[in-house]
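A.B. asks: mind looking at a prediction? Sequence and model below.
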Amino acid sequence: VLTQAKDNAELKAKAEKALMAIEGIKPEEFRAAIMRRDAEIEKINTKLATLEDMIKSLMNEMKEFRSTVAQFKGTETILGMTDEARKNMLRIQQLKDQVEVMADKVMAAFLEFQRGFRDVTNLSLKLSTLEETVKPLEKMVSQMDVVVKQAVTKAELAKLTGDLETMKRLAQEIREYHEKMASRKDELETLRGEQRREVRRLETKYRKEFSKLNAKVKVLERVSSRILNLLLSTK
């Protein structure tokens, strides 16, 4: 009975104390405290939603990263993949520049050859005309051999005959050179066609490799940046 009476007295004291505390609270202050607590809860919920979106986005990035990493073997390969891709693109660009320089040189040589070929062709035509002019002169010399021998000295006749032979030989050499240059023109045209086809093939091949390497580099840079930001935000 004494214990129960003691417990009842303690309960009564606690109830009176709680009642006094409640009576001391002002409604305006209580509502303001509730509003502050609700505002804090809302901020926390917003931060949680933002964090959840970041986690989902990071998970998607990690899936894409794992898909890319699955194509390679070894940690060292993964770490060095970005640098290697850039080196490959640099080598491809250098090779492309070399091909373009070679194409320019071939084109310049071809144009120079065409100019020389036109000059040789014009000279060959002039010499052909000269040869046609010389032929009747030779015939006339043969027909008038007796008369010429009587009219000029032997030395002068030998000189004239030698000059005619020299002109004939020169015309023949020019004709042979003209034919040789014509055959070289065909060869150069063939080489030029092959060079154009090779340049187109290289451009097509390296354009595809450029696209693949750029895609891989962008994925790695994006994932690396997100991981770095996440690590910094957790500090």
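C.D. replies: Thanks, I have the structure now.
A.B. asks: domain ranges for the chain, per the record?
C.D. replies: As assigned by automatic domain parsing, the chain contains the domains 1-71, 74-235.
A.B. asks: what's the mean pLDDT across the longest one?
C.D. replies: Confidence over domain 74-235, taken as the mean pLDDT, stands at 63.
A.B. asks: do the same with stretch 59-71
C.D. replies: Stretch 59-71 comes out at a mean pLDDT of 68.
A.B. asks: which strands and helices sit next to the helix or strand harbouring I41?
C.D. replies: Assigned by DSSP states H and E, I41 belongs to helix 27-69. Using 3 or more C-beta pairs under 8 Å, 6 or more residues apart in numbering; DSSP states H and E, the elements in contact with helix 27-69 are helix 154-233. Where you see a C-beta, it was placed from the backbone N, CA and C, and this is true even at glycine.
A.B. asks: from E40, how far off is T46?
C.D. replies: Relative to E40, T46 is positioned 11 Å away (C-beta to C-beta, to the nearest Å).
A.B. asks: and for K12?
C.D. replies: 36 Å.
A.B. asks: same question for M62.
C.D. replies: Distance from M62 to E40, by C-beta to C-beta: 32 Å.
A.B. asks: neighbour count: the two, which is higher?
C.D. replies: Neighbour comparison, M62 and E40: the larger count goes to M62, with 14 against 10 (by other C-beta atoms under 10 Å).
A.B. asks: pull up the gap between that one and E194, please.
C.D. replies: Using C-beta to C-beta, one obtains 49 Å as the distance from M62 to E194.
A.B. asks: check L90 too.
C.D. replies: Distance of L90 to E194, given as C-beta to C-beta: 27 Å.
A.B. asks: do Q94 as well
C.D. replies: On the measure of C-beta to C-beta, Q94 and E194 end up 22 Å apart.
A.B. asks: with A49 instead?
C.D. replies: Relative to E194, and taking C-beta to C-beta, A49 is found at 64 Å.
A.B. asks: many thanks, we can stop here.
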